[in-house]
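Engineer: Predicted model and sequence below, questions to follow.
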Amino acid sequence: KAGVTQTPRYLIKTRGQQVTLSCSPISGHRSVSWYQQTPGQGLQFLFEYFSETQRNKGNFPGRFSGRQFSNSRSEMNVSTLELGDSALYLCASSRQLGAEAFFGQGTRLTVV
Amino acid sequence: GESVGLHLPTLSVQEGDNSIINCAYSNSASDYFIWYKQESGKGPQFIIDIRSNMDKRQGQRVTVLLNKTVKHLSLQIAATQPGDSAVYFCAESPMDSNYQLIWGAGTKLIIKP
């Protein structure tokens, strides 16, 4: 069974640009969560989707948005990028809300 | 709430010794707890979980202990090996927060040869 796939793995963007990250969950998983991780910090929760609906949202500005498609694949978008948005963005999928989460390798975003 | 903190707590353990990583959780409504391991350059990986109706659960070389009275969770790793070097996160799933996983700040485990 394929794991959680995130694309791209690495990305370099300029301040002010926008970026879209993609996540394909494990087959059969309906919940997808997104996290931001900066060096030396834990996981900062962004949002969680279940059956195409956002069920939970973390404390991030409106520049961060996401969506989930009918096949459970998810995308997150960050507009008007700032230097502080440089981080590892992790996606996790699970069968149900709050269940064991399986993580992808992450997308390393660098904003210059 | 979500994990906070600029500096990860660090635990240094001699290879072969047992490691104990602690986690204080915040929500008495949490009924499911998970430990994750994150190696450098990788996403977190599931290690072991426990439900609130249990006090202890054992896996291969790992044991999780749950003390609901003081809202404390611990992960014990027996005979620590170099491959155990990683950051370890605990996560709780509270019933009253739509089951959103709430993450601890993480503990960095360093294995001394």
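Structural biologist: Cool, got the structure.
Engineer: Contact residues of chain A facing chain B?
Structural biologist: Residues of chain A lying near chain B by Cβ under 8 Å from any Cβ of the partner chain: A:4, A:33, A:35, A:40-45, A:48, A:55-56, A:58-59, A:90, A:92, A:96-106. All C-beta atoms are positioned from the backbone trio N, CA, C, and that covers glycine.
Engineer: Not counting sequence-adjacent ones, nearest residue to residue A:14?
Structural biologist: residue A:112 (6.0 Å; Cβ to Cβ, 6 or more residues apart in numbering or on different chains).
Engineer: typed the wrong thing, it's residue B:102
Structural biologist: residue B:92 is the one closest to residue B:102 (Cβ to Cβ, 6+ apart), at 5.0 Å.
Engineer: what pairs with residue 94 across the strands?
Structural biologist: Assuming you mean chain A. residue A:31 (DSSP bridges).
Engineer: wrong chain, I was asking about chain B
Structural biologist: Beta-bridge pairing for residue B:94 (DSSP bridges): residue B:30.
Engineer: just for the chain, where's the confidence low?
Structural biologist: Unless you meant another one, I'm taking chain A. For chain A, residues meeting the criterion pLDDT under 70 lie at A:1, A:40-41.
Engineer: not what I meant, chain B
Structural biologist: For chain B (pLDDT under 70), the answer is B:1-7, B:97-98.
Engineer: residue in it nearest to chain A?
Structural biologist: Nearest residue of chain B to chain A (Cβ to the nearest Cβ) works out as residue B:99 at 2.7 Å.
Engineer: sorry, back to before: flag every buried residue along whatever helix or strand the residue nearest to residue B:102 lives in.
Structural biologist: In the assignment (DSSP states H and E), residue B:92 maps to strand B:86-94. Buried residues in strand B:86-94, counted by 16 or more other Cβ atoms under 10 Å in any protein chain shown: B:86, B:87, B:88, B:89, B:90, B:91, B:92, B:93, B:94.
Engineer: Residues in contact with it: which ones?
Structural biologist: A:42-43, A:98-99, A:101, B:3, B:8, B:21, B:23, B:25-27, B:29-40, B:44, B:47, B:73, B:75, B:99-109 (Cβ atoms under 8 Å, 6 or more residues apart in numbering or on different chains).
Engineer: Filter the residues you listed down to the buried ones.
Structural biologist: Among the contacts of strand B:86-94, those classed as buried by neighbour count (16+ other Cβ under 10 Å) are A:42-43, A:98-99, A:101, B:3, B:8, B:21, B:23, B:25, B:30-38, B:44, B:47, B:73, B:75, B:99-109.
Engineer: ok so, going back, chain center to the strand holding residue B:92: distance?
Structural biologist: In terms of Cα atoms, centre = their mean, to the nearest Å, the centre of strand B:86-94 is set 5 Å apart from its chain centre.
Engineer: what's around residue A:28, how many residues?
Structural biologist: Burial measure for residue A:28: 9 neighbouring residues, criterion other Cβ atoms under 10 Å in any protein chain shown.
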